[in-house]
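**Q** task: produce atomic coordinates for the following.
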Amino acid sequence: MAASFDVGDVAYIQTIVTDSGGTVVDPSEVLLYLAPPTGSVGTFSLSGGHIGHPGTGTFYYNGTVTAAGYWNVRWVGTGAADFADQSRYFARGINT
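**A** Numbering: from 1, shown residues only. Take a look at the predicted model:
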């Protein structure tokens, strides 16, 4: 089941990167593609300071939910540890 938020909430989106043995690892670069229910896909990067990195293999993004519907999330890492992770969350409108 997808996580859910209300429009106006701050959504905390996280991914944890591991190698094939289950050890947490850091890619050289991490990108987040965030697709709202309507509008353009936003691209956020670790090197650009948009993504938090509290510890090895853990990355997060906090963003305000601006539209009701399903938001698609895609994380991509390159360099030292290539990875991709997809998920989505649902945002409820004010009167839904």
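
**Q** any weak-confidence spans in this protein?
**A** 1-2, 95-96 (pLDDT under 70).

**Q** quick one: the strands in it?
**A** In the chain, the segments counted as strands under DSSP state E are 3-6, 10-16, 29-35, 42-45, 52-55, 58-64, 69-78, 83-92.

**Q** show me what the third one packs onto, helices and strands only.
**A** On a contact count with 3 or more C-beta pairs under 8 Å, 6 or more residues apart in numbering; DSSP states H and E, strand 29-35 meets strand 42-45, strand 58-64, strand 69-78. Placement of C-beta: from N, CA and C, glycine included.

**Q** ok so, going back, want to throw the strands of the chain into CSV with mean neighbour count?
**A** Output for the strands of the chain, formatted as CSV (neighbours: other C-beta atoms under 10 Å):
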stretch, mean neighbour count
strand 3-6, 14
strand 10-16, 16
strand 29-35, 18
strand 42-45, 14
strand 52-55, 10
strand 58-64, 16
strand 69-78, 18
strand 83-92, 15
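
**Q** I'd like to know which of these is closest to Gly22.
**A** Gly22 sits nearest to strand 10-16 of all these, at 10.5 Å, using C-beta to C-beta.

**Q** okay if I get the strands of the chain as TSV plus distance to Thr23?
**A** Shown next, in TSV, are these (distance: least, C-beta to C-beta, whole Å):
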stretch	distance to Thr23
strand 3-6	26
strand 10-16	11
strand 29-35	17
strand 42-45	24
strand 52-55	13
strand 58-64	13
strand 69-78	15
strand 83-92	13
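
**Q** hang on, the earlier thing: using TSV, lay out the helices and strands packed on strand 29-35 together with distance to Thr15.
**A** Putting the helices and strands packed on strand 29-35 into TSV (distance: least, C-beta to C-beta, whole Å) gives the following:
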stretch	distance to Thr15
strand 42-45	12
strand 58-64	5
strand 69-78	4
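
**Q** which of the ones you listed sits closest to Ile16?
**A** Ile16 lies closest to strand 58-64 among the helices and strands packed on strand 29-35, at 5.4 Å (C-beta to C-beta).

**Q** can you dump the C-alpha atoms of that closest one in CSV for me?
**A** Output in CSV follows, covering the C-alpha atoms of strand 58-64 (Å, rounded to 0.1, in the frame of the first residue of the first chain):
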residue,chain,number,x,y,z
THR,A,58,20.3,6.5,3.4
PHE,A,59,18.9,9.4,1.3
TYR,A,60,15.8,11.4,1.8
TYR,A,61,13.8,14.3,0.4
ASN,A,62,11.2,16.5,2.1
GLY,A,63,8.7,18.3,-0.2
THR,A,64,5.4,20.0,0.2
